[in-house]
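Chemist: Sharing a sequence plus its predicted fold:
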Amino acid sequence: MITKALRILLTRSLKPFTFTNVSSKSLEFVEQPDLGLYVHIPFCRSICSFCPYCKVKYDQKLAYEYKKALLNEIDLVCQQVKEKKEVTSLYFGGGTPALVIDDLADIIAKLQEYFIIKEGIGVELHPDDINDVNLKKLKDAKITMVSLGIQSFDSTCLDTLGRKENDFIKKLQLVKTYNFAAVDVDLIFAIANQSEQTIINDIKTAFANGATQVSTYPFIDFTFANNRYKPMPERTKKKLLKAIVEYTENNKIQRTSVWTFAKPNSEKYSSVTRDSFLGFGVSATTLLKKEFKINTFSIKDYIERINQSQLPTSLTINFTKRQRACYYLFWSAYSMHIDANKYEDMIGSPLSKMYGFELFVCKILGLVTQNKNEYYLTEKGAYYYHYMEQAYTTAYIDKMWNVSRVKAFPEKVILK
């Protein structure tokens, strides 16, 4: 209900977000400022029940065919590029990208035929893939940032998630010796029976052993996941998040988004808080000025589409102006900061003109503060964003991914 009310309020329309399988033959990104890149690698050794992302068990032959298709997709999307375009960053997600670690350099090289990557290259790592051989390969491939999917250092929490501890501290210490610009450690909070002290100990352990950033994502029970335990009540989640915020503030750790915390003056690892981006691979999304696209979740159909020299787009929405503004504000709020000048550059109208009343109410309620043309979420505002984001995930992302998992090219998805 909260997502519907906010959608109507912010878009000034009863019209829902409607995605269709009608897509253009090309992606108009050349003039897009502050563009980022994302590549999805969908292979895993085993399937974790709590993970909602698009993934399959690793198969060497399939991985080889997928790499060929991925390189061809890059050529297909970028054939309009006349001279190299500057982009902010490149992130590899999954799945488990290190399962194709010997292919990452080839993928990066292909992208560098069309793009100049300014701010670095990041990759997600499963703890099982952390060793000297792999870390050296990542450095040789010019990877500058890593995100380690540890989830918890606590054996009870790991058991709840269906994971096993595997010398996490030693592996994190090993990563530290390779001097990556950013070392993010992914943790989950609000795991069944997790205490405030447990999550604080996880954060302490991460920073003490080499993390420059910690991402603390709440446990969300997707309808298509096979979880043994249900999420904690919202009141308990609120207490845990408050404990995390208090600990980081007391230890001079900077809050860089609603759920991420970093050492001061360190590089930030964030594959989501970008104004626009191109996504390559199955399930990857592309966000441009006037449209949002999702690639098919089916590896088989993805490869077939690319072999036919067609974009593997499964769903597209052509934004109204206020729908695009709504999307921009959502992810800017996640990063705790809304820049009115950047907003106007992206949307084409002043933020104060489009949402002046809403911002005034947010200031009165203590949800945001203002400094000239910039707005900042308060701790209270960040909590309500945390609550809203979970509702958004359940109402929108869960539905979209659930449909995409079972049908390669859905005719339409309506998000009310």
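Modeler: That came through, no problem. Computed from a prediction, not measured in an experiment: that's the story for all the values here.
Chemist: Any idea how many residues pack against E344?
Modeler: 16 (other CB atoms under 10 Å). For glycine as for every other residue, the C-beta is placed from the backbone atoms N, C-alpha and C.
Chemist: And it, how far from K353?
Modeler: 9 Å (CB to CB, to the nearest Å).
Chemist: One more: K268?
Modeler: 30 Å.
Chemist: And the two? Which one has more around it.
Modeler: Higher neighbour count among K268 and K353: K268, with 21 against 8, using other CB under 10 Å.
Chemist: Give me the three-state assignment for the more buried one.
Modeler: Secondary structure for K268, judged by DSSP: H, G, I helix; E, B strand; the rest coil, is coil.
Chemist: who are the neighbours in contact with the residue nearest to I347 when sequence neighbours are not counted?
Modeler: Distances taken as CB to CB, 6 or more residues apart in numbering put A325 closest to I347, at 4.9 Å, once the chain neighbours are dropped. Contacts for A325 (CB atoms under 8 Å, 6 or more residues apart in numbering) come out as 10, 343, 347, 354-355.
Chemist: May I ask which helix or strand encompasses I47?
Modeler: I47 is part of no helix or strand when elements are defined by DSSP states H and E.
Chemist: and what of the one 3 residues further on?
Modeler: Per DSSP H and E: F50 is located in neither a helix nor a strand.
Chemist: now swap in T18 and tell me
Modeler: strand 17-20.
Chemist: Now tell me what touches the helix or strand just after that strand from outside.
Modeler: Per DSSP H and E, strand 17-20 leads on to strand 35-41 as the next helix or strand towards the C-terminus. By CB under 8 Å, 6+ apart, the surrounding residues in contact with strand 35-41 are 29, 54, 70, 85, 87-97, 99-100, 107, 111, 115, 117, 271, 274, 276-285, 295.
Chemist: Let's see that with 6 Å instead.
Modeler: Residues from elsewhere that reach strand 35-41 (CB atoms under 6 Å, 6 or more residues apart in numbering): 87-95, 97, 100, 274, 276-284.
Chemist: Distance from the chain centre to the helix or strand that it is followed by, please.
Modeler: Next in sequence after strand 35-41, counting helices and strands by DSSP H and E, comes strand 43-44. Relative to its parent chain, strand 43-44 has a centroid offset of 18 Å by CA atoms, centre = their mean, to the nearest Å.
Chemist: Strand 43-44 pairs with which strands?
Modeler: strand 56-57 (parallel) (DSSP bridges).
Chemist: which element follows the strand it pairs with toward the C-terminus?
Modeler: Following strand 56-57 in sequence, per DSSP H and E, is helix 60-78.
Chemist: Got phi/psi on the residue located most distally from the centre of the chain?
Modeler: Distance from the C-alpha centroid of the chain, by CA atoms, centre = their mean, peaks at I364 (31.0 Å). Phi and psi for I364, reported as degrees, to the nearest 10, are phi -60, psi -40.
Chemist: Next one: it relative to Q370, how far apart?
Modeler: In terms of CB to CB, I364 sits 12 Å off from Q370.
Chemist: Hmm, F50 is touching T160, no?
Modeler: No - counting by CB atoms under 6 Å, F50 stays clear of T160, with 8.9 Å between them.
Chemist: how deep is I191 tucked in, by neighbour count?
Modeler: Quick note: I191 (other CB under 10 Å) scores 25 neighbours.
Chemist: no, scratch that, I was asking about P350
Modeler: When neighbours are counted by other CB under 10 Å, P350 registers 14.
Chemist: got the residue ranges for the strands in the stretch 301-416 of the chain?
Modeler: 313-318, 337-339, 368-371, 374-377, 412-415 (DSSP state E, counting those that start in this stretch).
Chemist: for the stretch 101-250 of the chain, same thing?
Modeler: Counting by DSSP E, counting those that start in this stretch, the strands of the stretch 101-250 of the chain are 115-117, 121-125, 145-151, 182-189, 213-218.
Chemist: Tell me which of those lies nearest to F319.
Modeler: strand 115-117 (24.1 Å; CB to CB).
Chemist: Distance from that closest one to the middle of the chain?
Modeler: Using CA atoms, centre = their mean, the offset of strand 115-117 from its chain centre is 20 Å.
Chemist: Just list what that strand packs against, helices and strands only.
Modeler: Applying 3 or more CB pairs under 6 Å, 6 or more residues apart in numbering; DSSP states H and E, one finds that strand 115-117 contacts strand 85-87.
Chemist: Could you list the low-pLDDT ranges of the stretch 1-150 of the chain?
Modeler: For the stretch 1-150 of the chain, the stretches with pLDDT under 70 are 1.
Chemist: Per the annotation, how does this structure divide into domains?
Modeler: Here the domain parsing of the chain from automatic domain parsing is 1-18+322-416, 19-262.
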